[in-house]
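> Turn this into a model:
(chains A, B, C and D)
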2 protein chains.
Amino acid sequence: MRDLANALGIEAASIYSHIRSKEEILQRVCFRMAEEFFGAIEAVKDEDASATEQLKCAISAHVQVLTRNTEASAVFLQEWRHLSEPYHTDFLALRDRYENYFREIIRQGIASGEFQVPDEKFAVLTILSGLNWIHTWYKPEGKMKPAEISGNLSAMLLNGLKTNLN
Amino acid sequence: MRDLANALGIEAASIYSHIRSKEEILQRVCFRMAEEFFGAIEAVKDEDASATEQLKCAISAHVQVLTRNTEASAVFLQEWRHLSEPYHTDFLALRDRYENYFREIIRQGIASGEFQVPDEKFAVLTILSGLNWIHTWYKPEGKMKPAEISGNLSAMLLNGLKTNLN
DNA sequence: TAAACAACCTAACGTTCGTTAGCAAGTAAT
DNA sequence: ATTACTTGCTAACGAACGTTAGGTTGTTTA
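Reported below is the predicted structural model:
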């Protein structure tokens, strides 16, 4: 709090004219980021497209949100554990709902014969882990741009490392 | 410290008969886990095998260490940031060296024509992110066993989601 | 023009934190 | 048998934490 106040150029106690508690900040960041992620993925939702296309769009949307809000994303991905009830439970429910977007795409891809995965839930987890690692190394001033990142990620996750013989 | 002492059934101050400081615990956990990871990957090192084989073995070794030390792994993966100098720098050097094992395998695979990836460094990061996410959901009593996890991971990372036409 | 509100201040609260000092008892080494 | 080391204890330290109380000042609203 004292650090935050310092960064704002005010006294620590003055922060409490604006928020009720330290945790309220955490809540606001977590749930605003959740909105961001939902907004982005809903904007690219297109159930008529192929699962491959849908997944590429979803990955791209996710990476966009992640790279545009690096610090808030770090909080969203790591600090939600410290939410108190009922926020903790609410947050997990949102996260599950978000994962289900991806799960549904995988499911469609399996049904259409596009995808072949050992385990559906496992696939989603692996995809999201690949996406969510970005925030630990991504730098806006770095040479790899968000579009390139999501392109590479889509390529790797869809085709794997193996030479593509098609 | 008081929580730790409580778990040990002694007083907080008594801990200091065994360690010099709280951070020493962090140092010990981080560097011991580093040893574990190096030990595991060096044990399966076989430069004569194909890159595909090598990668499968490395993934398996990594998953074994991760699943056998879930709590220490969480510390190793998340809390190393709080190491003070010179440990912080030393740790990062070790991590780089470890990543290089994987990078070398990818490089070999590209040279031999086994692999085809957009970006070498990026590939390693994505692989490791997939591996290191495990500790957030893996439960020893869960139904998915370490061997199954590394098998699924190898399959997904090598072949991707796409139906394999070979 | 008075009242209400917003945004800041100083001072201090109670709690928790990692840690030290000094001591007691048991065990091992000389 | 004496010494030294280990492992624990009680008591307390100073620092940092999130937060509250109460006041001042300037801006907005009735």
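
> Give the phi and psi angles for the most centrally placed residue in chain A, as a check.
Residue closest to the average C-alpha location in chain A (Cα atoms, centre = their mean): A:H62, at 5.2 Å. Dihedral pair for A:H62: phi -60, psi -50, per degrees, to the nearest 10.

> likewise A:V117?
Dihedral angles for A:V117 - degrees, to the nearest 10 - are phi -130, psi 150.

> what's the helix or strand that contains A:G130 packed up against?
Using DSSP states H and E, A:G130 sits in helix A:120-132. Packed against helix A:120-132 by the contact rule (3 or more Cβ pairs under 8 Å, 6 or more residues apart in numbering or on different chains; DSSP states H and E) you find helix A:51-68, helix A:87-112, helix A:146-159, helix B:120-132, helix B:146-159. Where C-beta positions appear, they are placed from N, C-alpha and C, glycine not excepted.

> For DNA strand C, which of those helices is the nearest?
With Cβ to the nearest atom of the strand as the criterion, DNA strand C lies closest to helix A:87-112 of those, at 19.1 Å.

> Apart from its neighbours in sequence, what residue is nearest A:E53?
The spatially closest residue to A:E53, leaving aside those adjacent along the chain, is A:D46, at 7.6 Å (Cβ to Cβ, 6 or more residues apart in numbering or on different chains).

> hang on, the earlier thing: in the helix holding A:G130, what's buried?
Buried residues in helix A:120-132, counted by 16 or more other Cβ atoms under 10 Å in any protein chain shown: A:F122, A:A123, A:V124, A:L125, A:T126, A:I127, A:L128, A:S129, A:G130, A:L131, A:N132.

> what do you get for stretch A:11-24?
Result for stretch A:11-24 [16+ other Cβ under 10 Å]: buried residues A:I15.

> DNA strand C contacts on chain A?
Residues of chain A lying close to DNA strand C by Cβ under 7 Å from any atom of the strand are A:A5, A:G9, A:I10, A:E11, A:A12, A:A13, A:S14, A:S17, A:H18.

> Looking at the residues you listed, spot the one nearest B:S150.
Proximity of those to B:S150 was ranked by Cβ to Cβ; the top entry is A:A5 with 47.6 Å.

> quick one: contacts for the spatially closest residue to A:F102 that is not a sequence neighbour?
Closest residue to A:F102 apart from its sequence neighbours, by Cβ to Cβ, 6+ apart: A:V124 at 4.7 Å. With contact taken as Cβ atoms under 8 Å, 6 or more residues apart in numbering or on different chains, A:V124 is in contact with A:E99, A:F102, A:R103, A:I106.

> what do you get for A:A155?
Contacts for A:A155 (Cβ under 8 Å, 6+ apart) come out as B:V117, B:P118.

> can you pull the buried residues of stretch A:157-166?
Buried-residue list, stretch A:157-166, by 16+ other Cβ under 10 Å: A:L157, A:L158, A:N159, A:G160, A:L161, A:K162.

> swap in stretch A:47-62?
Buried residues in stretch A:47-62, counted by 16+ other Cβ under 10 Å: A:A51, A:T52, A:Q54, A:L55, A:K56, A:C57, A:A58, A:I59, A:S60, A:A61, A:H62.

> rewinding a little: among the buried residues of stretch A:157-166, which are in reach of DNA strand D?
Okay, of these, nothing touches DNA strand D (Cβ under 7 Å from any atom of the strand).

> between the residues you listed, which is closest to A:V29?
Distances from A:V29 to these, taken by Cβ to Cβ, are shortest for A:L157, at 27.7 Å.

> and the residues of chain A next to DNA strand C as TSV, adding distance to B:T89 and secondary structure?
As requested, the residues of chain A next to DNA strand C are exported to TSV (distance: Cβ to Cβ, whole Å; DSSP: H, G, I helix; E, B strand; the rest coil):
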residue	distance to B:T89	secondary structure
A:A5	31	helix
A:G9	33	coil
A:I10	35	coil
A:E11	36	coil
A:A12	32	helix
A:A13	38	helix
A:S14	38	helix
A:S17	41	helix
A:H18	38	coil
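
> possible to save those as JSON lines with pLDDT?
Below are the residues of chain A next to DNA strand C laid out as JSON lines (pLDDT from 0 to 100):
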{"residue": "A:A5", "pLDDT": "96"}
{"residue": "A:G9", "pLDDT": "96"}
{"residue": "A:I10", "pLDDT": "96"}
{"residue": "A:E11", "pLDDT": "95"}
{"residue": "A:A12", "pLDDT": "96"}
{"residue": "A:A13", "pLDDT": "96"}
{"residue": "A:S14", "pLDDT": "97"}
{"residue": "A:S17", "pLDDT": "96"}
{"residue": "A:H18", "pLDDT": "96"}
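
> Just give me the closest of these to A:F38.
Once Cβ to Cβ is applied, the member of those that ends up nearest A:F38 is A:H18, at 26.0 Å.

> do you know how far that closest one is from B:V65?
46 Å (Cβ to Cβ, to the nearest Å).

> Could you show which parts of chain A are in contact with chain B?
A:52, A:55, A:78, A:106, A:109, A:113-119, A:122-123, A:125-126, A:128-130, A:132-133, A:137, A:144, A:151-153, A:155-166 (Cβ under 8 Å from any Cβ of the partner chain).
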